[in-house]
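>>> mind looking at a prediction? Sequence and model below.
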Amino acid sequence: TRNNLANDYLDARRIDEAIAIYEPLLADRERILGAEHPDTLASRGSLAGTYQAADRTADAIALLEPLLADRERVLGADHPTTLNTRNTLANAYQDSGRFEDAIAILQPLVADLERVLGADHPNTLRTRNNLANDYLDARRIDEAIAIYEPLLADLERVLGAEHPDTVGSRGNLAGAYEAAGRTKDAIRIRTRLVEGSNTFTI
């Protein structure tokens with residue numbers, strides 16, 4: 001019940017109140033259930049996510065790094081929760097400006113998601129986009145474009161040309177072209193975005 005109340009506070013964006021419950025709840029679960037119990041691991045993940053929502057990225061990373069190691073050991077590397085934790089840690093690294101650390105997680109994660117979930121699964125597509133974003137933030141622009149271009153084609157095929165994720169991917173590719181000095185290519189993509197704005201919201 002304490003966990004559910006904290007979840008409700010988080011959903012209501014009452015983040016400090018959620019943290020005030022999650023922190024002692026985690027300590028109690030570690031004491032009563034043990035450090036490796038699924039509920040204890042879930043509490044560590046919930047608290048880390050709430051720290052991120054509170055812009056306490058360093059505190060989130062301090063929880064997520066050992067949590068990932070524990071979930072790999074307890075649940076296995078291919079368990080959906082473990083895969084999600086890898087992605088969450090990469091997001092925390094990105095938020096803290098540690099783009100190369102994020103890339104080091106996301107590169108193998110994309111391959112694992114393709115193997116476990118399939119190339120067209122939403123989580124796989126989303127992780128490819130996140131990897132491209134980190135390449136762009138790290139000024140590895142050619143590598144970002146090498147992901148954005150086929151990703152856009154896949155999103156158009158899987159989700160449709162007017163899906164918000166597809167539209168967002170178009171904008172990302174245009175930004176990468178611009179960063180690479182490929183102004184004509186950026187104009188071509190942005191022109192399509194403008195022309196499409198009559199039929200969908202950007």
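Thanks, I have it.

>>> in this structure, mark out all the helices, start to finish.
Remark: helices assigned in the chain by DSSP state H are 2-11, 15-32, 38-53, 57-74, 80-95, 99-116, 122-137, 141-158, 164-179, 183-196.

>>> export those as a markdown table, with columns for mean neighbour count.
Just so you know, the C-beta spots here come from the backbone N, C-alpha and C atoms, and that holds for glycine as well. As requested, those are exported to a markdown table (neighbours: other C-beta atoms under 10 Å):
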| stretch | mean neighbour count |
| --- | --- |
| helix 2-11 | 15 |
| helix 15-32 | 16 |
| helix 38-53 | 20 |
| helix 57-74 | 17 |
| helix 80-95 | 20 |
| helix 99-116 | 18 |
| helix 122-137 | 20 |
| helix 141-158 | 17 |
| helix 164-179 | 19 |
| helix 183-196 | 13 |
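
>>> lowest-confidence stretch among those helices?
Of all the helices of the chain, helix 183-196 carries the lowest average pLDDT, namely a mean of 88.

>>> report all helices and strands that it contacts.
In terms of contacts (3 or more C-beta pairs under 8 Å, 6 or more residues apart in numbering; DSSP states H and E), helix 183-196 is packed against helix 164-179.

>>> and the helix it packs on, what does it pack against?
Using 3+ C-beta pairs under 8 Å, 6+ apart: helix 164-179 touches helix 122-137, helix 141-158, helix 183-196.

>>> would you mind saying which of these lies nearest residue 173?
Proximity to residue 173 (C-beta to C-beta) singles out helix 141-158 among the helices and strands packed on helix 164-179, at 4.3 Å.

>>> okay, angle between the closest one and helix 122-137 too, please.
Put simply, helix 141-158 runs at 150 degrees to helix 122-137, going by axes from the mean of the first three to the mean of the last three C-alpha atoms, to 10 degrees.

>>> I'd like the distance from helix 141-158 to the chain centre, please.
Distance of helix 141-158 from its chain centroid, counting by C-alpha atoms, centre = their mean, to the nearest Å, is 17 Å.

>>> same check on stretch 77-97?
Relative to the chain's own centre, stretch 77-97 is displaced by 7 Å; criterion: C-alpha atoms, centre = their mean.

>>> quick one: contacts of that stretch?
Defining contact as C-beta atoms under 8 Å, 6 or more residues apart in numbering, one finds that stretch 77-97 is touched by 41, 45, 48-49, 52, 57-58, 60-61, 64-65, 67-68, 71-72, 75-76, 99, 101-102, 105-106, 109, 112-113, 116, 123, 127, 130, 133-134, 137.

>>> ok, back up a step: need the helices and strands packed on helix 164-179 in a markdown table with distance to residue 94, can you?
Output for the helices and strands packed on helix 164-179, formatted as a markdown table (distance: least, C-beta to C-beta, whole Å):
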| stretch | distance to residue 94 |
| --- | --- |
| helix 122-137 | 6 |
| helix 141-158 | 13 |
| helix 183-196 | 23 |
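
>>> mind checking how far the residue lying farthest from the centre of the chain is from residue 48?
Most distant from the centre of the chain: residue 32, at 31.6 Å, with distances by C-alpha atoms, centre = their mean. Distance of residue 32 to residue 48, given as C-beta to C-beta, to the nearest Å: 20 Å.
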